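K.L.:
coordinates only, sequence not included:
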């Protein structure tokens, strides 16, 4: 049971009381609540990503705050088309993020290339070719509300994980090694 | 090209002066590059000696894709070119196609196109001014400006159901007529927008820090603006009075009374300020268009689903928020374009960056880049 | 200035360019040979075409068609300069000495069509990575990564 559920019950029983819990449970509860995001906005979806963090939608209230430095962030929001030329840069930024880290793929381009699936010679057809993605958001571009939903879904996923040894969620995907052709584009 | 650049070099100038050159790689993912631009900056201390933009990180091959789509299927692709101002690419493409295939456009559709494109100009300029503010440390302005942009986006959403990629301007007209109450909403918006612009003018352009950061930075002379093919606010900031709405009038623009704001100095400040004053003029045009617009058909009925223009080629351009946006179409008589070329104003304006940033500080580079207002969907295509 | 005036003006100043002038879809077009491109462009610049608006190419199979659209604000007129570039020797004079605006646009044409511009100061790929093979906008470009769109029409 998540610690947050116990707080209410415990406070009902004894107001001002003490809750005993493990460090891992506290960390598990806390870390999904403040997802600092690395806005990897490359194309059209970046506009909606900006709109999401400004006045009307105000993602700060979810604790999701854009930090352009990958070393400060927990979740990379890939918003937009990734081309073969851009791929090494995205991969390198992902590698610079500290663990634990998650990826949200925003927009159809990150799912499959979207409208740029056919006939084009330079677009990566889906970022799962080189990044382990946790949540995909469809739309061309998705509305900020969809992004909001995506972040809440990611929170649910994070709540199912634990930092305790042996309880970590198995990643369905591993990063291809640089020898596999996703290297620095040399 | 590899992402790594050699970071330090000892350089000898023509005068025999030896200095340590620092090479800094900005981008391709950098909050101040307005997308996926990469600039390799050579520095002497903090002074930029050479700035080399590396573009193409968003090259999606739209021109190649268009060759395997029917003429109508290309319209959604043009949305993704200039994603800050999708209406322009729609309109430029449709104008060229209408010229090539000789498709008539009803008058009401022309008015609707003018109204949405002037609203789009406001939305796009708000983004440009706001980002320019954020780059120079005035994040507050971005919040103010984005609020205005969001109002326009809401109007577009009411009109065509999309917030960003509208696909609204179609060959032979527009996709929907205005919904009930929309015209009143637009009128209310222009009134409100004027007061917001006055507030932004005071907040940002009257600010001492802004003046210090933007005045005298990235000066572009009028002769250079012409020679380098600059257009839009970048050229007008240098005093080049060239606006296709006035000087190559298209659609119903000759019926409106409006001015072309121009700058005098050609620096970042003038370029940003020209954008602000263009928003006032856009409000004027919108109000006149709303007053002049009559009821009628908003699209040409009976267009074939497969448009097959006669063999030949045509070029037409409109004044987008970034300058002269042209589409060049070649037809071979089949229902698919033989070749589509986008004359992208942002591409031509961005070519000025090495010249403008030389001799300025590294922190001015982002101000100069922001004042050129590149949108990389359109630069890279 | 309408197209007739433009033709008259062109013919009075440069009579040798006069027979090369034609009108296509409401645009003035000047068709020259590839070797005469630079001198024709220079003449047009002297005539008052001070802006290079667009420079591109079209793959016509056996040759490339070169398009350069020039604009004159003073005359409020536009003209398209066309030439045919042989496919086996895709090279043409660079217009950078006349208009610096041609710099990036010629790099783009080189990048996507593989047309070389003699006299260009820095002819490199601009949109695609330097190590890219082939020229994508050529009609015979084949890339195994490209998925052809099924024919739904």
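P.N.:
Cool, got the structure. The shown structure was predicted, so the numbers you read here are calculated from the model rather than taken from an experiment.
K.L.:
which SSE is residue C:22 in?
P.N.:
If you go by DSSP states H and E, residue C:22 is part of strand C:21-24.
K.L.:
buried stuff in that strand?
P.N.:
Buried residues in strand C:21-24, counted by 16 or more other C-beta atoms under 10 Å in any protein chain shown: residue C:21. Backbone N, C-alpha and C define where each C-beta goes, glycine included.
K.L.:
Spatially central residue for chain C, please.
P.N.:
Taking C-alpha atoms, centre = their mean, the centroid of chain C lies closest to residue C:67, which sits 2.8 Å from it.
K.L.:
A strand includes that residue, no?
P.N.:
Yes - according to DSSP: H, G, I helix; E, B strand; the rest coil, residue C:67 belongs to a strand.
K.L.:
returning to that earlier point: I'd like to know if the strand holding residue C:22 reaches chain B anywhere along the stretch.
P.N.:
Yes - using C-beta under 8 Å from any C-beta of the partner chain, strand C:21-24 comes into contact with chain B via residue C:24.
K.L.:
Could you name the helices and strands sitting against the helix or strand just after that strand?
P.N.:
Downstream of strand C:21-24, the first helix or strand assigned by DSSP H and E is strand C:27-31. For strand C:27-31, the elements it packs on are helix C:3-13, strand C:21-24, strand C:77-86, judged by 3 or more C-beta pairs under 8 Å, 6 or more residues apart in numbering or on different chains; DSSP states H and E.
K.L.:
let's see 10 Å
P.N.:
Contacts defined by 3 or more C-beta pairs under 10 Å, 6 or more residues apart in numbering or on different chains; DSSP states H and E place strand C:27-31 against strand B:312-320, helix C:3-13, strand C:21-24, helix C:37-47, strand C:63-72, strand C:77-86.
K.L.:
Within its sheet, name the partner strands of it and how each one runs.
P.N.:
Neighbouring strands of strand C:27-31 in its sheet, by DSSP bridges, are strand C:21-24 (antiparallel), strand C:77-86 (parallel).
K.L.:
Same question for the longest one: list its buried residues.
P.N.:
Buried residues in strand C:77-86, counted by 16+ other C-beta under 10 Å: C:77, C:78, C:79, C:80, C:81, C:82, C:83, C:84, C:85.
K.L.:
Residue B:131 against residue A:50, yeah?
P.N.:
Yes - the criterion here is C-beta atoms under 10 Å, and residue B:131 meets it with residue A:50 at 9.0 Å.
K.L.:
so what pLDDT did residue 24 get?
P.N.:
You didn't pick a chain, so chain A it is. pLDDT for residue A:24: 77.
K.L.:
try again with chain C
P.N.:
74.
K.L.:
ok, now residue B:35?
P.N.:
For residue B:35, the pLDDT comes out at 76.
K.L.:
Without its sequence neighbours, what residue ends up closest to it?
P.N.:
Of all residues not flanking residue B:35 in the chain, residue B:376 sits nearest, at 3.5 Å (C-beta to C-beta, 6 or more residues apart in numbering or on different chains).
K.L.:
quick one, phi psi at that neighbour?
P.N.:
Note on residue B:376: its backbone torsions stand at phi -80, psi -20 [degrees, to the nearest 10].
K.L.:
rewinding a little: now do the shared contacts for residue B:131 and residue A:50.
P.N.:
B:142, B:146 (C-beta atoms under 10 Å, 6 or more residues apart in numbering or on different chains).
K.L.:
Who has more neighbours out of the two?
P.N.:
residue B:131 (24 against 21; other C-beta atoms under 10 Å in any protein chain shown).
K.L.:
Relative to chain A, how far out is the nearest residue to that one once chain neighbours are set aside?
P.N.:
Nearest non-adjacent residue to residue B:131, counting by C-beta to C-beta, 6+ apart: residue B:370, 5.4 Å away. Distance, residue B:370 to chain A, by C-beta to the nearest C-beta, to the nearest Å: 14 Å.
K.L.:
Now the helix or strand hosting residue B:370: buried residues?
P.N.:
For residue B:370, the host element (DSSP H and E) is helix B:362-372. By neighbour count with 16+ other C-beta under 10 Å, helix B:362-372 contains the buried residues B:362, B:364, B:365, B:366, B:367, B:368, B:369, B:370, B:371, B:372.
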